[in-house]
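>>> Mind looking at a prediction? Sequence and model below.
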Amino acid sequence: MNQGRSWMDDPTLQNIDKAKLIFLQNAVFDSKNLSQKEMMPFLMAMAQKAKSNKIQFTESEMKVIVDALKKTSSKEDLAKINQALTMTRMFNH
């Protein structure tokens with residue numbers, strides 16, 4: 001990700017609870033060096049952690065967050081974001 005500007009500083013995120021954004025920021029950093037094989041167990045653990053901490057994201061929040069992330073992400077990071085979103089949608093349906 002672009003280190004010059006944090007995705008969390010994006011003004012479109014101002015109405016999203018900071019605790020949710022921090023949770024995602026931690027997930028992004030924790031998953032940065034994971035292989036594709038390691039990603040599934042990691043995402044399952046993060047989903048459980050979110051549930052136990054009562055952290056839920058609405059569809060509109062996710063769209064705004066993903067749009068903000070895309071502005072500062074590398075191609076590799078975007079691929080991981082898209083993979084995580086695909087997995088998240090599978091868990092939620």
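Thanks, I have the structure now. Numbers count the residues shown, from 1 in each chain.

>>> what's the helix or strand for the residue nearest the centre of the chain?
With distances taken as Cα atoms, centre = their mean, residue 24 lies nearest the centre of the chain, 4.6 Å away. Using DSSP states H and E, residue 24 maps to helix 18-31.

>>> For that helix, enumerate the helices and strands it packs against.
Judged by 3 or more Cβ pairs under 8 Å, 6 or more residues apart in numbering; DSSP states H and E, helix 18-31 is in contact with helix 36-52, helix 59-72, helix 75-92. C-beta coordinates here come from the backbone N, C-alpha and C atoms, glycine included.

>>> neighbouring contacts of it?
1, 8, 13, 39, 42, 46, 50, 53, 55, 57, 61, 65, 69, 77, 80, 84 (Cβ atoms under 8 Å, 6 or more residues apart in numbering).

>>> so where's the chain uncertain?
For the chain, the stretches flagged by pLDDT under 70 are 1-5, 87-93.

>>> at 50 what do you get?
For the chain, the stretches with pLDDT under 50 are 1-4.

>>> can you count the residues close to residue 28?
Neighbourhood size, residue 28 [other Cβ atoms under 10 Å]: 17.

>>> Give me the distance between the residue nearest to the centre of the chain and residue 41.
18 Å (Cβ to Cβ, to the nearest Å).

>>> go on, residue 32?
Distance, residue 32 to residue 41, using Cβ to Cβ: 16 Å.

>>> so residue 57, which of the three states?
coil (DSSP: H, G, I helix; E, B strand; the rest coil).

>>> ok now do residue 78, which residues does it touch?
69, 70.

>>> ditto for residue 39
Contacts of residue 39 by Cβ under 8 Å, 6+ apart are 31, 80, 83, 84, 87.

>>> just those residues now: which is nearest residue 17?
Closest approach to residue 17 among those (Cβ to Cβ): residue 84, at 19.4 Å.

>>> was I right about that closest one contacting residue 43?
Yes: using Cβ atoms under 8 Å as the test, residue 84 is close enough to residue 43 to be in contact (6.0 Å).
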